[in-house]
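Colleague: sequence first, predicted model second:
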Amino acid sequence: MKGNIAIIGAQWGDEGKGKIVDFLTNKDTNYVVRYQGGHNAGHTLVVNEKKIVLHVLPSGILHDNVTAVIANGVVLSPVHFINEIEMLQKHNYDVRNRIIISQSCHLIFCYHIAMDIARENQYGKYSIGTTKCGIGPAYEDKIARRGLRVGDLRDWDFFSRRLEDNVNYYNHQLINFYHVSGVNYKSIINEMILIKDVLIKISDDTSKILEDAKYNNKLIIFEGAQGTLLDIDHGIYPYVTSSNSVSGGICTGCGIGPSNITNVLGVFKSYSTRVGSGPFPTEVFGDLDAYFCNKGNEFGSTTGRRRRTGWLDTVLLKKSVQLNSFSKLCLTKLDVLDDLEDIKICIGYRYNNSDFKYDRIPFCHKDWKMIEPVYETLHGWQENTVGITNFNDLPVLAKKFIFRIEKILGVFINIISTGPNRNDTIIRSI
Ligand code: IMP
């Protein structure tokens, strides 16, 4: 693939982007960039039989020629960040000299996490089902212009004063409104005293670095977190995350223009999953759900929660193609369908039991409840595809499934993942 690549989740996250970023990162890749979200993401990589889960560091960091960039659109938990670096050290990956953080990254503190938990508990059965990492409250602070950024650590007086104001502000809400314990200013400050020099040392103007990369012909991979349907503007609101997970988020989240993105690769699974609450038209239950969950190992890598599972929904995928301008697609977890006699693809919705099939996405809660998926059923191939690396070696019916999706979406599927290992991958063309 020539030029810079954006790798974006086309569904609700957990499409296997981490493996694809790791796979596409090669000796010519200079930067791998995270530009939105925070440690709510969970990217699982299997390298030499070793499983490594990354939350805030970009997946390409396991390649030692790569510099990892955490750009301005990310919300960064300093404590989590340091723990992740230490985790990698234990796996013999020394990454400390290969990370640059934007000075404009907003910081996540324990009061954001306390607020996230308190709100979710208060909403009860109407909760969003967040990862409770404090992501929403940290982005709220950014928009409310009371957030603290990595660069603020350079002015310790300002930082400590603003932090104290914020602690007071949140403790008032936590104690008086949510009736839970507040947080302790002193312990946050003490924690930050230990971490601040590391953060200051590796922080820089990442927008400028990425712009310079363009003129020096350096290659960049932009690694999306979460998925398109969780986008704050275009996802199924309010059951979304608090950042722009669509490809457009790269520009604001990195401080670069759209011409810096050459290829937009959408990653989607051969079926659907989501964690947390909210509409899921093709959701399945019972034995089929157990099948997807066990065979696809559908447990959240950030929270350990069992994911909800369902059939592939091409109505939502088509919207995702449009929102992101996908120029290429990658289909993951094809092998999870191996044992199924029949495979369903949702090709439209029927509204309120009518005969009319339409392919629009509902806007309001009421409409989501009124729709029912319309399926097309294909024969399953019922053969093992795990580890296949050549497209021609796939069973005929598996190829038929792939061609059918391409036809519906109007985009070529360039990459197919047939297992969790780096090499369980078919490249048709890139
Ligand atoms: P938050 O991002 O923790 O605020 O959670 C908001 C919604 O996004 C919840 O439904 C989460 O389960 C979901 N979510 C956040 N991060 C991920 C992810 O990396 N994969 C899948 N779902 C996610």
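Modeller: Ah, there it is.
Colleague: so for stretch 391-408, mean pLDDT?
Modeller: In this model, stretch 391-408 has a mean pLDDT of 98.
Colleague: also stretch 206-217?
Modeller: Stretch 206-217 comes out at a mean pLDDT of 92.
Colleague: with just CA atoms, put that stretch into PDB.
Modeller: Extracted in PDB, the C-alpha atoms of stretch 206-217 (Å, rounded to 0.1, in the frame of the first residue of the first chain):
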ATOM      1  CA  THR A 206       3.200  16.200  17.300                       C
ATOM      2  CA  SER A 207       1.200  18.100  14.700                       C
ATOM      3  CA  LYS A 208       4.400  19.600  13.400                       C
ATOM      4  CA  ILE A 209       6.200  16.300  13.600                       C
ATOM      5  CA  LEU A 210       3.500  14.600  11.400                       C
ATOM      6  CA  GLU A 211       3.500  17.600   9.000                       C
ATOM      7  CA  ASP A 212       7.300  17.300   8.600                       C
ATOM      8  CA  ALA A 213       6.900  13.600   8.000                       C
ATOM      9  CA  LYS A 214       4.900  14.400   4.900                       C
ATOM     10  CA  TYR A 215       7.700  16.500   3.400                       C
ATOM     11  CA  ASN A 216      10.400  13.900   4.400                       C
ATOM     12  CA  ASN A 217       8.400  11.100   2.700                       C
END
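Colleague: residues contacting that stretch, please?
Modeller: Stretch 206-217 is contacted from outside by 30-31, 33, 69-72, 100-103, 219-220, 254-256, 260, using C-beta atoms under 8 Å, 6 or more residues apart in numbering. To be clear about C-beta, it is placed using only N, CA and C from the backbone, and glycine gets the same treatment.
Colleague: one more time with 7 Å
Modeller: 30-31, 33, 69, 71-72, 100, 102, 220, 254-256, 260 (C-beta atoms under 7 Å, 6 or more residues apart in numbering).
Colleague: in strands, which of these appear?
Modeller: Judged by DSSP state E, strands contain the following of the contacts of stretch 206-217: N30, Y31, V33, V69, I100, S102, I220.
Colleague: Q103: what's it in contact with?
Modeller: R149, V150, G151, S203, D204, D205.
Colleague: can you redo those residues as TSV with distance to V264 and secondary structure?
Modeller: What follows is those, written out as TSV (distance: C-beta to C-beta, whole Å; DSSP: H, G, I helix; E, B strand; the rest coil):
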residue	distance to V264	secondary structure
R149	28	strand
V150	28	helix
G151	30	helix
S203	28	strand
D204	26	strand
D205	25	coil
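Colleague: farthest-apart pair in the ones in strands among the contacts of stretch 206-217, please.
Modeller: N30 and S102 (16.8 Å; C-beta to C-beta).
Colleague: these two: which is more packed in?
Modeller: Neighbours per residue, other C-beta atoms under 10 Å: of N30 and S102, the larger number sits with S102, 28 against 18.
Colleague: okay, and the helix or strand of this structure with the least pLDDT?
Modeller: Using mean pLDDT, DSSP states H and E, the weakest-scoring helix or strand in the chain turns out to be strand 357-358, at a mean of 78.
Colleague: which strands and helices sit next to it?
Modeller: strand 342-351 (3 or more C-beta pairs under 7 Å, 6 or more residues apart in numbering; DSSP states H and E).
Colleague: got the domain ranges for the chain?
Modeller: 5-102+204-265, 106-199, 270-427 (automatic domain parsing).
Colleague: for those domains, which one ends up most surrounded?
Modeller: domain 5-102+204-265 (a mean of 21; mean count of other C-beta atoms under 10 Å).
Colleague: anything in it near the ligand?
Modeller: Yes: interface with the ligand: domain 5-102+204-265 contributes W12, G13, D14, N40, A41, G42, A225, Q226, L230, Y239, T241, S242 (C-beta under 6 Å from any ligand atom).
Colleague: any idea how far the helix or strand where I20 lies is from the chain center?
Modeller: When elements are assigned from DSSP states H and E, I20 belongs to helix 17-24. Chain-centre distance of helix 17-24: 12 Å, with C-alpha atoms, centre = their mean, to the nearest Å.
Colleague: so it versus strand 29-34, what angle?
Modeller: Relative orientation of helix 17-24 and strand 29-34, computed by axes from the mean of the first three to the mean of the last three C-alpha atoms, to 10 degrees: 170 degrees.
Colleague: for helix 17-24, C-alpha coordinates in CSV please.
Modeller: Taking C-alpha atoms only, helix 17-24 is exported to CSV below (Å, rounded to 0.1, in the frame of the first residue of the first chain):
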residue,chain,number,x,y,z
LYS,A,17,-7.6,-3.5,14.1
GLY,A,18,-4.6,-4.1,16.4
LYS,A,19,-3.6,-7.2,14.5
ILE,A,20,-4.0,-5.4,11.2
VAL,A,21,-2.0,-2.4,12.3
ASP,A,22,0.7,-4.7,13.5
PHE,A,23,0.6,-6.7,10.3
LEU,A,24,0.8,-3.6,8.0
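Colleague: name the helices or strands packed onto it?
Modeller: strand 5-9, strand 43-47, strand 219-223, strand 413-417.
Colleague: compile those strands into TSV and extend it with columns for distance to V198.
Modeller: Output for the helices and strands packed on helix 17-24, formatted as TSV (distance: least, C-beta to C-beta, whole Å):
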stretch	distance to V198
strand 5-9	28
strand 43-47	23
strand 219-223	22
strand 413-417	35
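Colleague: out of those strands, nearest to I175?
Modeller: Nearest to I175, of the helices and strands packed on helix 17-24 and by C-beta to C-beta, is strand 43-47 at 36.3 Å.
Colleague: related to what we said a few turns ago, and the helices and strands packed on helix 17-24, which one averages the lowest pLDDT?
Modeller: Looking at the helices and strands packed on helix 17-24, the bottom one is strand 43-47 with a mean of 81.
Colleague: direction included, what does the following helix or strand past that one pair up with?
Modeller: Proceeding N to C from strand 43-47, the next assigned helix or strand is strand 50-54, under DSSP H and E. Partners of strand 50-54 in the sheet, by DSSP bridges, are strand 43-47 (antiparallel).
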